[in-house]
Each structure stands twice: as C-alpha cells, then as structure tokens.
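Student: sequence and predicted structure, then a few things I'm wondering about:
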Amino acid sequence: EAQVTQNPRYLITVTGKKLTVTCSQNMNHEYMSWYRQDPGLGLRQIYYSMNVEVTDKGDVPEGYKVSRKEKRNFPLILESPSPNQTSLYFCASSLSWAAGGTQHFGDGTRLSIL
Amino acid sequence: AQKVTQAQTEISVVEKEDVTLDCVYETRDTTYYLFWYKQPPSGELVFLIRRNSFDEQNEISGRYSWNFQKSTSSFNFTITASQVVDSAVYFCALSVRDYKLSFGAGTTVTVRA
C-alpha cells in the first residue's frame, strides 16, 4: 500500500530536549516536505526536499532541521524545542511537479512542548 | 508570492443543504495547480481534486463539484445535498513551480442532522 508514515503520532516533551520526527514514503517520490498546522493559519511549509541531499527552507524554517540522506526518508529535527513549536506536523511526498505534484500526506504528528 | 484566501472560517448547514466553499488565489505564474483537501475530525488530510491552470473545465465527482474561474482567480467547491460525514475542515491550496504548496486557512464545515 502506497503511504507516507510518520512517527511518533503523538509526543509530549519538555523545552530543550532534542527530538526527531521520522517520515518515510514507499512510493519512490522525489519530493518531500514538512508542514505545520496551527489554528487559523492553515498549513505552512517548514522545509522541503527536491531529491536526495537537496533541501531548502519553506516559510517557517526557524528552529527546525531536516536531512535527506535516502530517497524514502525525510526526518524533521527539533534541536532545542520550545513551546511555540507545539503544533500538528505533516510530512508529504509527491512525484515531480511536472507530473502533477499531488502531495500525499502522512497522518500527522501532534507535538506538545511544555 | 503566492497566496490563498478562504474567507469563510466556518459554515454550518442542515443535512441535505448545499454548501459552497470559496477560494481565491493570487499568483503571477501562468502555470500552477490548485487543490482541495479535506481534513475530517480524525485529522488526516484527504486529497479531493487537482486542477491545472490551463484547464478551466468544471468538474463533478458525485456530490462534489468545483468551479474554476481564472478571470476571478477563484476555485470554489460545492457540496450538494450535504451529509453529516461531510463535516470537516476543507483546505484550498496552490502550487507553482517551486513545489511549495500554499494553503488557505481552511473552512470548517459542520453538517447538522
């Protein structure tokens, strides 16, 4: 089954404790991206990756890091989480934009930073 | 820069009523894609439709229909004969060549039995 898998689905942690949210896709998609969803703001892009070892900032990259060492994985790293990073996070993947660019989303990760 | 505006924050209807969700977008690109996604209470994002900028044909899929008008930069979504299962947050989104998907703030639809 084609899917984007995020882990964990839920996490409560404390300020300053490094955490990683994993994202994996099994569709051989080139493009992957991370979004955060906050009430009244819709989804905002954090980082995206066009292919292995190619990443770039989205609209709200501060406080986040990403890496793309393999095509299927695109982890989101919060080196020193703060309460303003409490949010619902989505990973997405898609084929090339020229092929239509429809992004397939994971089920989301709800992070609470205390 | 790209921007998507969903002016309706919340819409509440009684079952079997029709409901139209407005979406207005801004971009200087002539080539782009427009999307609608549904987010039910369970939280996942469900893809509903993609439309490219060169295809202004309206589309119908069951009780869902979409009206794309480049002249007014709008891509509106209508649910006909709404059902309780249609209760969700609906997002309109725009994608241009930089791959970024710009979302509107979303419209919460509540369908009452």
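Tutor: On my side now, so go ahead. Worth saying up front: this structure is predicted, and the values here are computed from it rather than measured.
Student: for the rest of this, base every contact and every neighbour count on C-alpha atoms.
Tutor: Fine.
Student: chain A against chain B: which residues are in contact?
Tutor: By CA under 8 Å from any CA of the partner chain, the residues of chain A that approach chain B are A:40-45, A:48, A:58, A:97, A:100-102, A:104-108.
Student: buried among the residues you listed? Make that a PyMOL selection.
Tutor: The buried residues among the residues of chain A next to chain B can be selected in PyMOL (16 or more other CA atoms under 10 Å in any protein chain shown) with this line:
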select buried, chain A and resi 42+43+44+45+48+58+97+101+102+104+105+106+107+108
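Student: taking the residues of chain A next to chain B one by one, which sit in helices?
Tutor: Applying DSSP state H to the residues of chain A next to chain B, no entry is found in helices.
Student: spell out which parts of chain B neighbour chain A.
Tutor: Within reach of chain A by CA under 8 Å from any CA, chain B has these residues: B:33, B:43-47, B:50, B:91, B:95, B:97, B:99-106.
Student: mind running it again at 10 Å?
Tutor: Residues of chain B lying close to chain A by CA under 10 Å from any CA of the partner chain are B:6, B:9, B:32-35, B:42-47, B:49-52, B:89-93, B:95-107.
Student: the residue in chain A positioned nearest to chain B: what's it in contact with?
Tutor: In chain A, the residue that lies nearest chain B is A:Gly42 (3.9 Å; CA to the nearest CA). By CA atoms under 10 Å, 6 or more residues apart in numbering or on different chains, the residues touching A:Gly42 are A:35-36, B:6, B:89-93, B:102-107.
Student: look up the closest residue to it, ignoring the ones flanking it.
Tutor: B:Ala105 (3.9 Å; CA to CA, 6 or more residues apart in numbering or on different chains).
Student: likewise for B:Phe103?
Tutor: Spatially, and ignoring its direct neighbours in sequence, B:Phe103 is nearest to B:Ala93 (4.3 Å; CA to CA, 6+ apart).
Student: how deep is that neighbour tucked in, by neighbour count?
Tutor: Close neighbours of B:Ala93, defined as other CA atoms under 10 Å in any protein chain shown, add up to 29.
Student: show me the shaky parts of chain A.
Tutor: Within chain A, the stretches with pLDDT under 70 are A:97-101.
Student: so which residue is smack in the middle of it?
Tutor: A:Trp34 (2.8 Å; CA atoms, centre = their mean).
Student: which ones are touching that residue?
Tutor: A:23, A:43-49, A:58, A:61, A:66, A:74-76, A:89-93, A:105-106.
Student: quick check: closest non-adjacent residue to it.
Tutor: The shortest distance from A:Trp34 to any non-neighbouring residue, by CA to CA, 6+ apart, is to A:Cys91 (4.6 Å).
Student: ok, that neighbour - how many residues close by?
Tutor: 31.
Student: got the contact list for it?
Tutor: Going by CA under 10 Å, 6+ apart, the list of residues near A:Cys91 reads A:4-6, A:21-25, A:32-36, A:45-48, A:74-76, A:103-109.
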